[in-house]
Every structure is written in C-alpha cells, then in structure tokens.
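Chemist: A predicted structure for the sequence below; I have some questions about it.
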Amino acid sequence: MYTKNTNTGGSSRFSTHKPSSSFRPSGPSRFSRGGTSSGYRGGNSGGFRGRPSFGGRGGGARGENINHARFINKAIITEEMVHFVPEHKFQDFVFEPSLKQAIVTKGYLLPTPIQDRAIPHVLKGTDVVGIANTGTGKTAAFLLPLINKVLLNRKQQVLIVVPTRELAIQIDAELKTFAAGMRMYSVCCVGGASLSRQINDLRYQYNFIIGTPGRLKDLIDRKMIFLKEFNTIVLDEADRMLDMGFVNDMRAVMAGMPKDRQTLFFSATLSSEIEKLIHEFLKEPVRISVKTQDTSKNVDQDVVKVARGANKIDVLHDLLNQKEFSKVLIFGRTKHGVEKLSGLLVQKGFKADSIHGDKNHSRRQKALTMFKNNQMQVLVATDVAARGLDIADVSHVINYDIPATYDDYVHRIGRTGRGNKKGKALTFVE
C-alpha cells in the first residue's frame with residue numbers, strides 16, 4: 001500500500017508500509033526491484049524487448065527523448081486552488097425545451113470551462129477552435145449546440161470526424177443519450193465494423209455521421225456520403241488525427257464540404273502543424289483555450305524504477321496485487337507486446353484483456369465494455385486508447401513502455417483523475 005510523503009514542497013513521493021521482496025523504494029519517487037536501479041533486459045520484459053523505442057508509432061521518426069523527471073508530479077489538491085466559476089448554467093443556454101429536459105435528465109447543471117465558453121459561439125453558427133486538456137467535456141461542448149441546430153432545422157446534416165473507432169462509438173452513444181425521443185438519427189462509420197451494414201444505414205434518414213477518416217473516405221469514394229449535403233463539420237482530437245497520418249484524408253473531406261459551412265475544431269495541443277490546419281479549414285474562428293497546464297491537476301505521477309536484471313512482469317504483478325490498483329489501464333508500445341502482456345497477466349490470474357489495432361472491432365468493443373463495467377481489473381492498450389476515451393473510475397494508468405512523445409504521455413495519463421476525482425500514473429523507467 002502506498003502513502004503520500006507529507007512533504008508538499010517538491011516532487012510526488014511514495015513509500016510503502018511493508019516493502020515486499022519483489023520491489024522496494026530506492027529513493028525519493030523511485031521504485032526498484034532487487035536493489036540497485038539500472039534498467040531491464042529484453043528477455044525478461046514480458047514481450048517488450050530491449051530499451052523503450054522513441055521512434056514514434058510504427059517505428060517512425062516522431063519520438064523524443066523525455067526527461068524522466070517529467071513523469072513525476074504531485075497532484076494539486078490544496079484548499080487554496082482557484083475554482084472555475086462558469087458564466088452560465090446549462091438552463092441559461094438558448095436550447096430547445098426538449099434538449100433542456102434531456103440535459104436535466106442527464107443530471108448536468110454547471111458546464112465545464114470549454115462548454116461554458118464554446119456553446120454560445122457554436123449556437124451562433126461561428127467557427128470555433130477549442131483547445132482544452134483531455135477529459136474536460138469537449139464532446140458535450142459541440143454535441144449539445146449541434147443537436148439544438150438540428151432541432152431547429154431537421155434538414156441539417158452534421159459530420160463529426162474523429163481519430164479512432166472507440167471515440168466515434170463513444171460520441172455516437174452520447175449523442176443517442178441526449179437525443180433520445182427526438183427522432184434524430186446517426187450513422188457511425190468506422191473501420192473494422194461491417195461496411196455493408198454502414199452502407200445500408202446510410203440509405204435511411206440521418207442527421208449525424210460520426211466516423212474515422214479512412215472509413216469516411218471509403219464511403220465518400222463509393223458515393224454513399226455526399227459532402228455537399230453537410231453544412232457543419234466537427235474535427236475532434238485533430239492533433240491525434242495529424243499524428244496518425246490522416247492529414248490527407250482530412251484535407252480531402254474538407255475540400256468536398258460546402259464553402260458556406262460551420263467548422264468546429266477541437267484539439268488538446270496547439271502546434272505549428274495544427275495552426276496551419278486551422279488556417280486552411282476555418283474562417284475567422286473564435287479561439288477558446290482553457291488549457292492551463294500539461295497534465296491533469298488530479299493525477300499523482302511517479303516512476304517505477306526497474307533494476308538491472310529484474311523482470312518487469314514480476315514488478316507489475318506485485319503492483320496489481322495491491323488493493324488500491326482496482327481498475328488499471330496499462331499502456332504498451334507495440335500491438336504484439338500489448339497482446340503478449342495481456343496474456344501473461346491472465347496466466348498470472350488477473351482479469352485482463354487488451355485493445356490494439358490488430359484486434360477486430362467486436363473484440364475491442366467487448367474488452368472496452370467489460371473494463372468500463374468493472375468486469376475486469378486490467379486493460380492493456382496501445383495508444384489507440386490514449387485519446388478521448390471517457391472511462392469512469394480508472395484508479396491507475398501504468399506506462400509499461402515509455403511513450404514516444406511527452407504529448408502521448410499527457411494523453412495516456414489523462415485516462416485517470418477525470419472530473420473531480422483523483423488518479424495515479426506510474427511509468428516504468430530504467
């Protein structure tokens with residue numbers, strides 16, 4: 001069991017009441033196994049061979065050397081912390097009565113910062129650039145005013161483009177919750193799912209299409225989606241789509257849209273490449289930034305320092321056996337490594353599964369649903385799960401492999417400490 005060091009003036013520290021034989025603290029903010037700290041060997045790493053690669057996804061050249069000190073940060077939990085006071089309540093927004101009732105039913109009262117500032121501009125039909133940390137309610141910031149837009153004009157059609165199938169399915173589910181009973185329909189168009197089913201669904205009436213760039217491009221080429229019919233487009237997690245190499249697909253979609261349109265652009269980071277896309281895609285947008293720091297104030301961050309010759313899987317085993325590790329999301333670098341690690345954890349008696357790009361759609365959704373519903377303790381994932389997914393009550397995020405970039409790290413650990421809850425993130429390092 002871990003306890004916080006009462007020293008509040010420096011980095012986050014942990015100590016153990018009863019150090020186990022498998023690992024013990026080797027100094028402030030470190031864990032080691034078997035004594036000295038110095039790294040791990042590929043043969044004992046549970047499927048992740050050798051040193052962590054900083055080559056980015058798929059072995060590209062996008063990686064960076066990250067100072068390990070950046071993985072250590074004490075959560076900000078002080079009484080003096082300034083609390084955000086919204087300018088609006090949800091009932092203040094100019095929504096149709098049926099949507100206001102749906103919001104009440106959902107239990108929403110006060111908007112988050114991005115919702116408070118973005119919703120009025122989206123309602124006016126303005127182009128919006130929203131920059132906000134992960135887990136801050138960006139989905140409702142665009143969904144609610146766009147549902148209202150459709151309620152006012154049933155001929156409106158909205159296209160929502162996202163980087164991953166899991167995020168698309170999540171947004172579609174949230175849309176259905178808000179729009180229940182409103183006779184408003186959507187089609188979710190993602191790779192890995194039945195193409196014929198999606199083609200069939202597109203033959204019926206709909207107001208929203210939510211999809212991933214590759215599958216949308218395929219359906220557009222098949223003349224099942226006619227972009228000229230859409231006067232609203234949302235690009236969500238745009239930085240992630242850029243990272244995943246979807247920029248040409250994004251440009252192809254935007255080129256087919258009417259010039260007279262509303263474009264909403266949401267991202268957690270703002271790079272020179274993102275600025276270029278904003279300039280290309282949007283017309284005099286309102287910029288809203290509520291990103292105040294790189295990582296969530298609710299996440300305690302620390303490292304697990306693995307000793308030379310130690311077996312990483314044994315160190316992980318001892319962590320997961322502790323009571324507070326109740327719902328754990330583990331990130332690995334490769335699809336093969338993630339699958340192998342998941343299997344090893346199952347062999348050791350843990351309820352675990354994996355999600356990664358080589359796993360088919362139905363198996364990914366089954367694993368994700370079981371994890372969300374607390375039917376298993378551990379989900380092992382590649383960075384496919386690092387962005388946008390809203391999974392309640394994740395107690396810990398563990399970076400079994402160091403991420404390729406610090407931005408990836410930020411998004412990984414953003415899966416815990418969501419809303420007003422506290423979370424912990426641990427990163428295995430040499």
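Modeler: Noted; the coordinates are in hand.

Chemist: Give me the distance between the residue nearest to residue 377 when sequence neighbours are not counted and residue 328.
Modeler: Spatial nearest neighbour of residue 377, excluding adjacent residues (Cβ to Cβ, 6 or more residues apart in numbering): residue 351 at 5.1 Å. C-beta here means a position set from N, CA and C on the backbone, and glycine is covered the same way. According to Cβ to Cβ, to the nearest Å, residue 351 and residue 328 sit 11 Å apart.

Chemist: Next: residue 354.
Modeler: 13 Å.

Chemist: that older thread, which residues do residue 351 and residue 328 both contact?
Modeler: 377-378 (Cβ atoms under 8 Å, 6 or more residues apart in numbering).

Chemist: Residue 285: how many residues sit nearby?
Modeler: By the criterion of other Cβ atoms under 10 Å, residue 285 has 18 neighbours.

Chemist: mind listing what it touches?
Modeler: Contacts of residue 285 by Cβ under 8 Å, 6+ apart are 126-129, 263, 265, 278.

Chemist: if we can go back for a sec, what touches both of residue 354 and residue 328?
Modeler: Joint contacts of residue 354 and residue 328 (Cβ under 8 Å, 6+ apart) are residue 379.

Chemist: The stretch 101-250 of the chain: strands as residue ranges?
Modeler: 128-131, 158-161, 186-189, 208-211, 232-235 (DSSP state E, counting those that start in this stretch).

Chemist: Quick one: list the elements packing against the first one.
Modeler: It refers to strand 128-131. Applying 3 or more Cβ pairs under 8 Å, 6 or more residues apart in numbering; DSSP states H and E, we find strand 128-131 packed against helix 113-123, helix 138-152, strand 262-267, strand 286-289.

Chemist: run the last query once more with 7 Å
Modeler: Counting contacts by 3 or more Cβ pairs under 7 Å, 6 or more residues apart in numbering; DSSP states H and E, strand 128-131 is packed against helix 113-123, strand 262-267, strand 286-289.

Chemist: Ok, the last one next?
Modeler: Packing contacts for strand 232-235, counted by 3+ Cβ pairs under 7 Å, 6+ apart, involve helix 138-152, strand 158-161, strand 262-267.

Chemist: one more time with 10 Å, if that's ok
Modeler: If contacts are counted by 3 or more Cβ pairs under 10 Å, 6 or more residues apart in numbering; DSSP states H and E, strand 232-235 sits against strand 128-131, helix 138-152, strand 158-161, strand 208-211, helix 247-256, strand 262-267, helix 272-281.

Chemist: What residues of the second one count as buried?
Modeler: Residues 138-151 are the ones in helix 138-152 that count as buried (16 or more other Cβ atoms under 10 Å).

Chemist: What of the fifth one?
Modeler: Neighbour-count burial for helix 247-256, with 16+ other Cβ under 10 Å as criterion, is recorded at 247, 249-250, 252-254.

Chemist: Need the residues you listed in CSV (columns: pLDDT and distance to residue 422).
Modeler: CSV is the format used below for these (pLDDT from 0 to 100; distance: Cβ to Cβ, whole Å):
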residue, pLDDT, distance to residue 422
247, 92, 36
249, 92, 38
250, 93, 36
252, 93, 43
253, 95, 39
254, 96, 40
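
Chemist: out of those, which one sits closest to residue 207?
Modeler: residue 253 (17.9 Å; Cβ to Cβ).

Chemist: need the contact list for that closest one.
Modeler: Contacts for residue 253 (Cβ atoms under 10 Å, 6 or more residues apart in numbering) come out as 159, 161, 211, 213, 216-217, 220, 225, 227, 230, 233, 235, 246, 281.

Chemist: How about residue 97?
Modeler: Per Cβ under 10 Å, 6+ apart, neighbours of residue 97: residue 151.

Chemist: how about it, phi and psi?
Modeler: phi -50, psi -40 (degrees, to the nearest 10).

Chemist: And it, what's its pLDDT?
Modeler: At residue 97, the pLDDT value in this model is 96.

Chemist: gap between it and residue 260?
Modeler: Applying Cβ to Cβ to residue 97 and residue 260 gives a distance of 29 Å.

Chemist: could the strands of the stretch 101-250 of the chain go into JSON lines alongside mean neighbour count, mean pLDDT and distance to residue 202?
Modeler: JSON lines is the format used below for the strands of the stretch 101-250 of the chain (neighbours: other Cβ atoms under 10 Å; pLDDT from 0 to 100; distance: least, Cβ to Cβ, whole Å):
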{"stretch": "strand 128-131", "mean neighbour count": "24", "mean pLDDT": "94", "distance to residue 202": "27"}
{"stretch": "strand 158-161", "mean neighbour count": "24", "mean pLDDT": "98", "distance to residue 202": "12"}
{"stretch": "strand 186-189", "mean neighbour count": "23", "mean pLDDT": "97", "distance to residue 202": "6"}
{"stretch": "strand 208-211", "mean neighbour count": "26", "mean pLDDT": "98", "distance to residue 202": "8"}
{"stretch": "strand 232-235", "mean neighbour count": "24", "mean pLDDT": "98", "distance to residue 202": "17"}
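
Chemist: Distance to residue 390 for the ones you listed - can I get that in JSON lines?
Modeler: Putting these into JSON lines (distance: least, Cβ to Cβ, whole Å) gives the following:
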{"stretch": "strand 128-131", "distance to residue 390": "16"}
{"stretch": "strand 158-161", "distance to residue 390": "15"}
{"stretch": "strand 186-189", "distance to residue 390": "16"}
{"stretch": "strand 208-211", "distance to residue 390": "15"}
{"stretch": "strand 232-235", "distance to residue 390": "17"}
